[in-house]
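# Turn this into a model:
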Amino acid sequence: QVQLVESGGGLVQAGGSLRLSCAVSGRAFSRYAMGWFRQAPGKEREFVAAISRTGVIIYYADSVKGRFTISRDNAKNTVYLQMNSLKPEDTAVYYCAADEKAISKYYQDFNSWGQGTQVTVSS
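The predicted structure follows:
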């Protein structure tokens, strides 16, 4: 098991940017594919982005493609989500997750989760 701690959320105006970070501890970070998910009030948790163990394979949800960028620094045991051109519909709690098996778009495949960080985009 690994421990995940997200940071970087906050309140931003539409069109602005935020960078989320997820620090991972407990086991070898490079063994895990990583993902970002989000959940808005009254809605199901949805996939945002995922990155493979080496960073070679990356997936994005269609709703964030071209605006968000996921990256990882295996030397710092950290995964990032750069969010640009933010929209009010991006408002949600953002969760970082680790998958020991392989990169995935499905939250059921991720077995370690952070506590979440709130992102609020005002119009």
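
# now Leu11, nearest residue through space, not along the chain?
Thr120 (4.7 Å; C-beta to C-beta, 6 or more residues apart in numbering). Where C-beta positions appear, they are placed from N, C-alpha and C, glycine not excepted.

# Asn74 and Asn111, how far apart?
The gap separating Asn74 from Asn111 is 19 Å, by C-beta to C-beta, to the nearest Å.

# quick one: which of the two has more around it?
Set Asn74 next to Asn111 and count neighbours by other C-beta atoms under 10 Å: Asn74 wins out with 16 against 13.

# Secondary structure class of the residue positioned nearest the centre of the chain, three-state.
In the chain, the C-alpha nearest the mean C-alpha coordinate belongs to Trp36, at 2.3 Å (C-alpha atoms, centre = their mean). Classification of Trp36 by DSSP: H, G, I helix; E, B strand; the rest coil places it in strand.

# ok now do it, which residues does it touch?
Neighbour list for Trp36: Leu20, Cys22, Val48, Ala49, Ala50, Ile70, Val79, Leu81, Tyr94, Tyr95, Cys96, Ala97 [criterion: C-beta atoms under 8 Å, 6 or more residues apart in numbering].

# If we ignore the residues flanking it in sequence, what's nearest it?
Nearest to Trp36 is Val48, by C-beta to C-beta, 6+ apart, at 4.3 Å.

# what does the model give that neighbour for pLDDT?
Note on Val48: pLDDT of 98.

# Number the chain from 409, please
Yes, from this point I'll number from 409; that puts the last item at Val456.

# any idea which helix or strand carries it?
Here Val456, judged by DSSP states H and E, is contained in strand 454-459.

# List the buried residues for that strand?
Phe455, Val456, Ala457, Ala458, Ile459 (16 or more other C-beta atoms under 10 Å).

# Of the residues you listed, which is the nearest to Arg435?
Ile459 (17.2 Å; C-beta to C-beta).
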